[in-house]
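Student: Below are the sequence and a predicted model for it; my questions follow.
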Amino acid sequence: MKSTAHFKGHPLHPILVCFPIAFYTGTLFFDILAKTYSPEFLFTAYNLEIAALISAGIAAIPGLIDYIYTVPPRSTAKKRGAKHALTNVSVIIFFVAALIYRANNEVPNIIILIVLEGAGWILLLFAGWMGGTLVYRNQIGVDPRYADAGKWKEEYFGTSEGEIEVGNINELKINQMKLVHVGSKRVVIARTEQGHVAFDDRCTHRGGSLAGGSMICGTVQCPWHGSQFSVSDGEVKAGPAKIPIITYALRQDNGKLFLTL
């Protein structure tokens, strides 16, 4: 069983997150104005708070998709992504608490609102910092294509036993790669000057996806910290990684490529 998908990062995620950030900030800002100038600003803050929570829920959908399908498993980015998600949930909890308090009191204590929303907004800063780190350091949602790398290719196979047909010999050009999911394993299929190779997608340093890196002259480089590995035998050619990657056997038959794990 085979299926094809492209998960290099959901394109809507960086767009949608702008809305809850703006609405959260606006809520706190207008509550401060209500305390400083006039309670009439409470109505504006109330509507912004509802908009913030709705937009946060919508933005969480592509974020969850990225966490499941894009962030490499068993990596520092996966842990960071989990912390990022939990922090965002904490933000929602504080603003929901403020909304409930506001709805249950005709004349709410504005100081209580500011304290709850202020705590949520501070957590929002931490969540934003971790989200930025996922993008700029771990390159989640970033496609660092190099010369002649071709389009990002990713395929799923439902079985993980025996030989598996993973493509044809003309699908990839020299120095191009694609990521295949075979059961729970992530394997990179690549073409070098000497022929096709298969190796583990996980960098042994911090778990970065090697399929998202670059390959030239039989060497693949991790996009996170620059570790380099030989794609023929997995040997470390440059650190900071110290442990080789796993390589797999590929067989050609009638123009097809067959992978044996």
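Tutor: Received, thanks. In this text the structure is predicted, and so the values were computed from the model without any measurement. Residues are numbered from 1 along each chain as shown.
Student: Show me what the helix or strand that contains Leu48 is packed up against.
Tutor: Assigned by DSSP states H and E, Leu48 belongs to helix 41-69. Judged by 3 or more CB pairs under 8 Å, 6 or more residues apart in numbering; DSSP states H and E, helix 41-69 is in contact with helix 13-16, helix 18-36, helix 76-103, helix 110-136. Quick note: C-beta positions are derived from backbone N, CA and C, even for glycine.
Student: May I see the buried residues of it?
Tutor: Within helix 41-69, the residues scored as buried using 16 or more other CB atoms under 10 Å are 41-42, 44-46, 48-49, 51-53, 55-56, 59-60, 62-63, 66-67, 69.
Student: how does this structure divide up, domain by domain?
Tutor: Here the domain parsing of the chain from automatic domain parsing is 8-136, 154-260.
Student: Mean pLDDT added to the ones you listed, as a markdown table?
Tutor: Formatted as a markdown table, the domains of the chain follow (pLDDT from 0 to 100):
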| stretch | mean pLDDT |
| --- | --- |
| domain 8-136 | 94 |
| domain 154-260 | 92 |
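Student: what residues are up against Val166?
Tutor: By CB atoms under 8 Å, 6 or more residues apart in numbering, the residues touching Val166 are 155, 157, 180, 182, 187, 189, 198, 257-259.
Student: er, Pro14 I mean
Tutor: Contact analysis of Pro14 by CB under 8 Å, 6+ apart lists 135, 141.
Student: go on, Asn168?
Tutor: Contacts of Asn168 by CB under 8 Å, 6+ apart are 255-257.
Student: what bridges to it?
Tutor: The partner list for Asn168 in beta bridges (DSSP bridges) reads Lys256.
Student: gap between it and Pro62?
Tutor: 32 Å (CB to CB, to the nearest Å).
Student: And the buried ones among the contacts of Asn168, selectable in ChimeraX?
Tutor: The buried residues among the contacts of Asn168 can be selected in ChimeraX (16+ other CB under 10 Å) with this line:
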select :257
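Student: Using CSV, lay out the contacts of Asn168 together with distance to Asp148.
Tutor: As requested, the contacts of Asn168 are exported to CSV (distance: CB to CB, whole Å):
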residue, distance to Asp148
Gly255, 22
Lys256, 24
Leu257, 20
